[in-house]
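S.K.: have a look at this fold, sequence not included:
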């Protein structure tokens, strides 16, 4: 197996030899200033910088500065994203709300929507908020994790523009439609699950193309919808596949999950779904579950500790060192990058220097 392919399978990370380490504080400063130069109010720019850099800190490079900052700035520049949205609740009940985002960027509006869900859960046990007419919300786990300090379970779903083939399909009909759930524990770190309903999100494919690596077989399909089952470099034209790759591998399950996300995020919110929605219209779903409304909080956390540790005590299969649980790789990345800086590909650093010069933002990276 080619060495480059092995590197890709290891979370699609940039090679250390191609990386420049940048501190999270420097990256937040640059990002915040760039958002403000794009017309975003200071308070919202702080939120945006926090969300996008947290993705980098947790090793979710596909949703960090490397891939998304340029996209966000371009959307402000071309007018598809509103830097000062007049978002509003258009329908509300005691435990639920539906928000019109007024084309505001999701990484800024999603934390505000999740706060509403948390406040409703505090009073009612459960809080659910939907949002349409918004933009990309970044790493979904960020918003789900907001519930953790409140002794709540958090959930975030988001329906994106079509890039994923339905099982047996030739044309993309669904977004990568991620699902994130976060649950607190007592002594163990929180269980944080964040997955796309496609085999991989498109930004990971872009990362692989940037670093010149090969994708494992079964990751994407060609332009005609046929899965590429052998390791290959990323072609110019490709389609994403639902989780499972093909019918025999269970792709109908990934396909079904993607549809379910679109129902909860889009149809429930009274919005167009992925096939019919404007490509700049992202739809979201946020939920908070107050543990105290269902069981004793301390007992829940202790039970979570036991559950997590029992999973980790599972004897590993041959060729593997240990069994992990959701969130383990991200916590490991967070520990490393908080101390040693965030590894950015040298091309990304060159772009950051260029865009900072273009926008008149001082930087020392």
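M.R.: On my side now, so go ahead. For clarity, every value in this text was computed on a predicted model and none was experimentally measured.

S.K.: quick one: the helices in the protein, in order.
M.R.: For the chain, helices defined by DSSP state H occupy the ranges 3-9, 24-37, 42-57, 70-77, 106-124, 140-145, 202-211, 251-262, 297-312, 328-340, 346-359.

S.K.: quick one: neighbours of residue 21, just the number.
M.R.: Residues near residue 21, counting by other C-beta atoms under 10 Å, number 13. For the C-beta atoms, the positions are set from N, CA and C on the backbone; glycine is no exception.

S.K.: likewise for residue 248?
M.R.: Residue 248 has 8 nearby residues by other C-beta under 10 Å.

S.K.: just to revisit the earlier point, point out the most buried one among the helices of the chain.
M.R.: Stretch with highest mean neighbour count among the helices of the chain: helix 140-145 (a mean of 28; mean count of other C-beta atoms under 10 Å).

S.K.: got a list of contacts for that helix?
M.R.: In this structure, residues lying in contact with helix 140-145 by C-beta atoms under 8 Å, 6 or more residues apart in numbering are 51, 54-55, 58, 60, 110-111, 113-114, 137, 154-158, 178-182, 190, 192-194, 286, 330.

S.K.: how about residue 108, nearest residue that isn't a chain neighbour?
M.R.: Excluding the flanking residues, the one nearest residue 108 by C-beta to C-beta, 6 or more residues apart in numbering is residue 44, at 4.7 Å.

S.K.: residue contacts, the closest residue to residue 117 other than its chain neighbours?
M.R.: Among residues not flanking residue 117 along the chain, residue 127 sits closest, at 3.8 Å (C-beta to C-beta, 6+ apart). By C-beta under 8 Å, 6+ apart, the contact list for residue 127 reads 95-96, 116-121, 287-288.

S.K.: just put these in CSV and tack on distance to residue 362.
M.R.: Output for those, formatted as CSV (distance: C-beta to C-beta, whole Å):
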residue, distance to residue 362
95, 46
96, 45
116, 36
117, 38
118, 36
119, 38
120, 42
121, 42
287, 41
288, 39
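
S.K.: now the closest residue to residue 94 other than its chain neighbours: how far from residue 260?
M.R.: Excluding the flanking residues, the one nearest residue 94 by C-beta to C-beta, 6+ apart is residue 124, at 5.6 Å. Distance, residue 124 to residue 260, using C-beta to C-beta, to the nearest Å: 24 Å.

S.K.: and what of residue 183?
M.R.: Taken as C-beta to C-beta, the span from residue 183 to residue 260 is 20 Å.

S.K.: quick one: residues contacting the residue lying closest to residue 353 once chain neighbours are set aside.
M.R.: Nearest non-adjacent residue to residue 353, counting by C-beta to C-beta, 6+ apart: residue 363, 6.5 Å away. Contacts for residue 363 (C-beta under 8 Å, 6+ apart) come out as 26, 30, 352-353, 356.

S.K.: just residue 274 next, same as before
M.R.: Counted by C-beta under 8 Å, 6+ apart, residue 274 has contacts 159-162, 173-175, 177, 262, 266.

S.K.: could you list the domains of this protein?
M.R.: Using automatic domain parsing, the domain parsing of the chain gives 14-84+333-365, 88-199+241-313.

S.K.: columns distance to residue 321 on top of those domains, output as TSV?
M.R.: Converted to TSV, the domains of the chain look like this (distance: least, C-beta to C-beta, whole Å):
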stretch	distance to residue 321
domain 14-84+333-365	17
domain 88-199+241-313	11
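
S.K.: residue 91 against residue 98, yeah?
M.R.: Yes: counting by C-beta atoms under 8 Å, residue 98 is a contact partner of residue 91 at 4.4 Å.

S.K.: who's more crowded, those two?
M.R.: In this view residue 91 and residue 98 are compared by other C-beta under 10 Å, and residue 98 has more residues nearby, 19 against 12.
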